[in-house]
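K.L.:
prediction below, plus the sequence it came from.
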Amino acid sequence: MTTHEPELTSPVDLCGPDGRTLNPAAVGWSRRPLHRANLAGAWGRTKRWDYWALLADDLVVALTYADVDYLGIVAVWWCEPSTGRTGGREVTVPLARGVALPDVPGSEPLTFRSRHLGVEVVDGADGTTLTARWRERDGRLGRLDAEVVLPPGHGSVNVVIPWSRTRFQYTSKHQARPATARVTVGDDTRELGGEHGQLWGVLDVGRGRWPYRTRWNWGGGAGLATDGRTVGLQFGGRWTEGTGATENGVLVDGEVGKLGAELTWRYDWDDPLAPWRVTSPDGTLDVTLAPTYDRHARTEALVLRTEVHQVFGRWSGHAPAPDGGRVTLDGVLGFAEESRSRW
């Protein structure tokens, strides 16, 4: 597990004192969140979000809380991959009024209330509480109550992607965090995690300034390797090319191994349920996701347009461990996506 990227070990500001340009000292990666996203000015290019996902054997739940300057987006989405049943609720807010995210992610609760959707995300030293109440389009009421644990010493992949002095992104990716949840839609209630089977929390924190046109890959997963160790997968692609930084890493029992090289993604945009394969140049990483469900979404709002294929399934193959060894995967829960955006 090698990388050319400098490792940061103490808190740092993302921007210089004016809040407009990238602080050179912020460029690098860390095993835990250290950046303060002191973004100011440059209206229209600044993007802030926290995205949570809960991965269970046959249920996926996602919660989005985002401020993209000219629009706020708060959403809950769920899917049962075996049947294709989906639901949830999304609310968009012009100019992101009432949708606020702190400079230091996790330092303040995220709250939102509207007629059809209420969300609260509260971070503590031991983990995060996710709460949501919503009304489905068919009138049924939905409810999510989840606890995502942050075990002592559990790492994450935190990195700044520097396109230029004025275009840059801080991302904090958390994988393989154990969770418990109760999900209710209408008369159907499910208990997940703990004695009810594996449930894994995924967190994607974003703070930065993006170019208008972007395209990215993201993939992740969590579960037990064939030797019983807990594995977390974190892969990215396309959007980091040419910057000298990546968001790639593998966690084994909470310890992070950083992958500095760009990975190769092989899949078919026009056939998203075909296998998605991700490999490293040295061959130490070679994993394939067998999808069972494709979430194909298009969004058009004001100057924002996005299209994404996000597939869910199971990863198999092998990955490098932080200790220099190898872990073998056989059916680890996970996801992969390609997003094409103008925003």
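P.N.:
That came in fine, so what should we check first?
K.L.:
neighbours of residue 188, how many?
P.N.:
11 (other CB atoms under 10 Å). No exception for glycine: its C-beta is placed from N, CA and C like everyone else's.
K.L.:
list the contacts of it.
P.N.:
Taking CB atoms under 8 Å, 6 or more residues apart in numbering, we find residue 188 in contact with no residue.
K.L.:
so what pairs up with it in the strands?
P.N.:
Assessed by DSSP bridges, residue 188 has beta-bridge partners residue 185.
K.L.:
just the pLDDT for it.
P.N.:
Looking at residue 188, its pLDDT is 97.
K.L.:
please apply the same query to residue 101.
P.N.:
98.
K.L.:
surely it meets residue 112?
P.N.:
No: at 11.1 Å, residue 101 and residue 112 do not qualify as touching, with contact defined as CB atoms under 8 Å.
K.L.:
neighbour count winner among these two?
P.N.:
residue 101 (23 against 19).
K.L.:
give the contact list for the more buried one.
P.N.:
Counted by CB under 8 Å, 6+ apart, residue 101 has contacts 48-50, 65, 67, 110, 207.
K.L.:
then residue 28?
P.N.:
So residue 28 contacts 5-8, 159-160, 245 (CB under 8 Å, 6+ apart).
K.L.:
now with 10 Å, please.
P.N.:
Contacts for residue 28 (CB atoms under 10 Å, 6 or more residues apart in numbering) come out as 3, 5-9, 12, 34-35, 158-160, 162, 245.
K.L.:
over to residue 176?
P.N.:
Residue 176 sits in contact with 55, 151, 154-156, 200-202, 220-224, 230-234, 250-254, 332-333, where contact means CB under 10 Å, 6+ apart.
K.L.:
and if you look at residue 342?
P.N.:
211-214, 300, 303-307.
K.L.:
switch the cut-off to 8 Å
P.N.:
212-213, 303-306.
K.L.:
if I look at residue 101 and residue 112, which residues touch both of them?
P.N.:
residue 65.
K.L.:
name the helix or strand for residue 58, please.
P.N.:
Under the assignment given by DSSP states H and E, residue 58 is not contained in any helix or strand.
K.L.:
that one reaches residue 80, doesn't it?
P.N.:
Yes: the criterion here is CB under 8 Å, and residue 58 meets it with residue 80 at 5.9 Å.
K.L.:
just to revisit the earlier point, now the contacts of residue 28 in CSV, with secondary structure and pLDDT?
P.N.:
Output for the contacts of residue 28, formatted as CSV (DSSP: H, G, I helix; E, B strand; the rest coil; pLDDT from 0 to 100):
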residue, secondary structure, pLDDT
3, coil, 89
5, coil, 96
6, coil, 97
7, strand, 98
8, coil, 98
9, coil, 98
12, strand, 98
34, coil, 98
35, strand, 98
158, strand, 98
159, strand, 98
160, strand, 98
162, strand, 98
245, coil, 98
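K.L.:
buried ones from these, can you make that a PyMOL selection?
P.N.:
Here is the PyMOL command that selects the buried residues among the contacts of residue 28 (16 or more other CB atoms under 10 Å):
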select buried, resi 3+5+8+12+34+35+158+159+160+162+245
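K.L.:
for beta bridges, what are the partners of residue 62?
P.N.:
residue 53, residue 77.
K.L.:
what about the closest residue to residue 205 other than its chain neighbours, distance to residue 105?
P.N.:
Spatial nearest neighbour of residue 205, chain neighbours left out: residue 172 (3.9 Å); criterion: CB to CB, 6 or more residues apart in numbering. In this view, residue 172 and residue 105 are 6 Å apart by CB to CB, to the nearest Å.
K.L.:
of the contacts of residue 176, buried ones?
P.N.:
Using 16+ other CB under 10 Å, the buried members of the contacts of residue 176 are 55, 154-156, 200-202, 220-224, 230-234, 250-254, 332-333.
K.L.:
can you tell me which of these are in strands?
P.N.:
55, 200-202, 220-224, 230-234, 250-252, 332-333 (DSSP state E).
K.L.:
tell me the SS of residue 330?
P.N.:
Following DSSP: H, G, I helix; E, B strand; the rest coil, the label given to residue 330 is strand.
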